[in-house]
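Q: here is my input; please provide its structure:
(2 chains)
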Amino acid sequence: METHHSHSQVKGVSTGTTILAVKFNGGVIIGSDSRASMGESYVSSKTINKLIQVHDRIFCCIAGSLADAQAVTKMAKFQLSFHSIQMESPPLVKAAASIMKELCYSNKEDLQAGFITAGWDRKKGPQIYVVSLGGMLLSQPFTIGGSGSTYIYGYVDAKFKPNMSLEEATQFSTNALALAMGRDNVSGGVVHLVVITEAGVKHIVVPGDKLPKFHDE
Amino acid sequence: MAAALQYPANVSSFNSYNDLFPDWTQKEVSTGTTIMAVEFDGGVVMGADSRTTTGAYIANRVTDKLTPIHDRIFCCRSGSAADTQAIADAVTYQLGFHSIELDEAPLVQTAASLFRDMCYRYREELMAGIIVAGWDKRRGGQVYTVPVGGMMSRQPVSVGGSGSSYIYGYVDSNYKAEMSKEECLKFTAGALALAMERDGSSGGVVRLAVITEQGVERQVILGNQLPQFSTV
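A: Next up, the predicted model:
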């Protein structure tokens, strides 16, 4: 999933970013950096939150134009809560992802945003869905996105194992984000992680000075 | 760019979607690639993939991108195939002459400086990213990177080419100082295999070279012998 942050002159604030989601034994972790940039050289926010809660156990993270992403997630949140009330049960993660996909596909000419939707539901447990720029919907055991993701494809391909424990998955996510933030100049700040399981939702923040350091730092 | 693009006469230069002509007739030959070199105590390990592309066509699937410049000095080439071959030929000549004048083996830094001088002087016309590595008596194993633009910098580990973006994270997390020769070989082969999986312009086989005081050992790892990482 690519982010076209080169369009930021036209679209304003853009989340040149690194986002990821990974399934582990019993849940999912969804994570991101916290930088928003305008153009290549101005950091418009050091502490932006890119992990949007669209329902109790479903989160989305956004890459691309911040404006487009906020508009889509707001609409999706509304439609999802309405759907959930009608069905009288918590929504499926796939339902949330499908709503995002419908919005992205129908408005593909005007939108410039991609999403990772991750969460837990009773039917299929932990799941991760990717909605890419043109509106494709794909389910994956783990996924990375945003401009910083290019630098960590090798790392995640080598390090991911299915059915990791919570500790292993947290370490994997933190390391991957730290490595990407180290190489991508439009990703940075702190690492935000959200752990979603049947029991609930936990938000972890890893500040800059607590991030793992690598050989040349 | 140093190479001239030959268009068939009745194809508009601005129309790259003309279905009458396949895109490889209009694209320059490029070593879109993944190259890498690592220093260890006593020498260097260099590695490269083996794919050369003209647009979507793979012009050579068994390319050798590890080019000898002198007895114990090699370079890895990425960017325009024509540009890098021409530069390597020129530097090989200059270094050979210099070595005869000196009556001793040339330094790796000298080779890297020659690359840098040429890449910087002609930076507007060239598209070449080169990693120079080798062994000399004064400083042992050394790796110098000369990326597009003509900067030169010595680094303990260096990656280059289009596929290198995908393995920065892997290299940053897996590199340790003072690895042995075997560890360096495994590290290089692993990194190249990962890049080749993700980069469309990299692929084929992995070519490795180890340069030490004793000489140069070359290896090829075929496609079906590459380290496997996929679990999905």
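Q: my read: residue B:22 touches residue B:57, true?
A: Yes: the criterion here is C-beta atoms under 8 Å, and residue B:22 meets it with residue B:57 at 7.2 Å. Backbone N, C-alpha and C define where each C-beta goes, glycine included.
Q: how far is stretch A:108-115 from where the chain is centred?
A: 15 Å (C-alpha atoms, centre = their mean, to the nearest Å).
Q: keeping just the C-alphas, turn it into CSV.
A: Provided in CSV are the C-alpha atoms of stretch A:108-115 (Å, rounded to 0.1, in the frame of the first residue of the first chain):
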residue,chain,number,x,y,z
LYS,A,108,-11.8,6.7,-6.0
GLU,A,109,-11.3,9.8,-8.2
ASP,A,110,-11.5,12.2,-5.4
LEU,A,111,-9.9,10.3,-2.5
GLN,A,112,-6.2,9.8,-1.7
ALA,A,113,-6.2,7.6,1.4
GLY,A,114,-5.6,4.0,2.3
PHE,A,115,-6.6,2.2,5.5
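Q: I'd like the average pLDDT over it.
A: Stretch A:108-115 carries an average pLDDT of 87.
Q: so residue A:23 touches residue A:129, yeah?
A: No: using C-beta under 8 Å, residue A:23 is not in contact with residue A:129; the gap is 11.2 Å.
Q: does residue A:75 sit in a helix, a strand or a coil?
A: Counting by DSSP: H, G, I helix; E, B strand; the rest coil, the backbone at residue A:75 sits in helix.
Q: that one: neighbour count?
A: Close neighbours of residue A:75, defined as other C-beta atoms under 10 Å in any protein chain shown, add up to 14.
Q: ok, it to chain B distance?
A: 32 Å (C-beta to the nearest C-beta, to the nearest Å).
Q: need the contact list for that residue.
A: The contact partners of residue A:75, taken as C-beta atoms under 8 Å, 6 or more residues apart in numbering or on different chains, are residue A:103.
Q: what pLDDT does the model give it?
A: If you check residue A:75, the pLDDT there is 93.
Q: do you know how far it is from residue A:68?
A: Distance, residue A:75 to residue A:68, by C-beta to C-beta, to the nearest Å: 11 Å.
Q: what do you get for residue B:110?
A: 53 Å.
Q: mind checking the pLDDT average for stretch B:174-190?
A: For stretch B:174-190, mean pLDDT is 96.
Q: near chain A at all, it?
A: Yes: Stretch B:174-190 reaches chain A (C-beta under 8 Å from any C-beta of the partner chain) through B:174, B:175, B:176, B:177, B:190.
Q: need the max-distance pair from those residues.
A: Across the residues of stretch B:174-190 next to chain A, the longest distance by C-beta to C-beta is 17.8 Å; it joins B:177 and B:190.
Q: name the residues of chain B found near chain A, please.
A: Within chain B, the positions near chain A by C-beta under 8 Å from any C-beta are B:165-177, B:190-191, B:194-195, B:197-198, B:229-232.
Q: who's more crowded, residue B:177 and residue B:190?
A: Using other C-beta under 10 Å as the criterion, residue B:177 and residue B:190 rank with residue B:190 on top: 20 against 11.
Q: give me the nearest residue to the more buried one, chain neighbours excluded.
A: Distances taken as C-beta to C-beta, 6 or more residues apart in numbering or on different chains place residue B:227 nearest to residue B:190, at 5.1 Å, with adjacent residues excluded.
Q: next, residue 91: secondary structure please.
A: Let's take chain A. Per three-state DSSP, the local secondary structure of residue A:91 is coil.
Q: you answered for a different chain; I wanted chain B.
A: helix.
Q: pLDDT below threshold where in chain B?
A: B:1-21, B:23-26, B:30-31, B:231-232 (pLDDT under 70).
Q: which stretches in it count as strands?
A: Listed in chain order, the strands of chain B (DSSP state E) span B:29-31, B:35-40, B:43-48, B:52-54, B:57-60, B:66-70, B:73-80, B:128-136, B:140-146, B:153-154, B:157-160, B:206-212, B:215-221.
Q: same deal with chain A?
A: Here chain A has its strands, by DSSP E, at A:14-15, A:19-24, A:27-32, A:36-38, A:42-45, A:51-55, A:58-65, A:113-121, A:125-131, A:137-139, A:142-145, A:191-197, A:201-206.
Q: give the pairing partners of the last one; include direction for each.
A: Think strand A:201-206. Using DSSP bridges, the strands paired with strand A:201-206 are strand A:191-197 (antiparallel).
Q: so what touches the strand it pairs with?
A: A:26-34, A:49-51, A:57-59, A:118-120, A:126, A:166, A:170, A:173-174, A:177-178, A:181, A:201-206, A:211.
Q: narrow these to just the buried residues.
A: A:26-34, A:50-51, A:57-59, A:118-120, A:126, A:170, A:173-174, A:177-178, A:181, A:201, A:206, A:211 (16 or more other C-beta atoms under 10 Å in any protein chain shown).
Q: residue A:126 contacts residue A:26, correct?
A: Yes: counting by C-beta under 8 Å, residue A:26 is a contact partner of residue A:126 at 7.1 Å.
Q: quick one: buried residues of stretch B:131-143?
A: B:131, B:132, B:133, B:134, B:135, B:136, B:140, B:141, B:142, B:143.
Q: revised request: answer the last question for stretch A:96-110.
A: Those would be A:96, A:97, A:98, A:99, A:100, A:101, A:102, A:103, A:104, for stretch A:96-110 by 16+ other C-beta under 10 Å.
Q: check those and tell me the two furthest apart.
A: Top of the distance list for the buried residues of stretch A:96-110 (C-beta to C-beta): A:96 and A:104, 12.8 Å.
Q: correct me if wrong: residue B:206 contacts residue B:226.
A: Yes: taking contacts as C-beta under 8 Å, residue B:206 lies within contact range of residue B:226: 6.4 Å.
Q: against chain B, how distant is the residue nearest to residue A:69 when sequence neighbours are not counted?
A: Excluding the flanking residues, the one nearest residue A:69 by C-beta to C-beta, 6+ apart is residue A:62, at 3.6 Å. Distance of residue A:62 to chain B, given as C-beta to the nearest C-beta: 21 Å.
Q: and the pLDDT for residue A:62?
A: On pLDDT, residue A:62 comes in at 86.
Q: that one pairs with what?
A: Where residue A:62 sits in a bridge, its partners, by DSSP bridges, are residue A:115.
Q: OK, contacts around it?
A: Residue A:62 touches A:15, A:17, A:19, A:50, A:52, A:69, A:70, A:73, A:113, A:114, A:115, counting by C-beta under 8 Å, 6+ apart.
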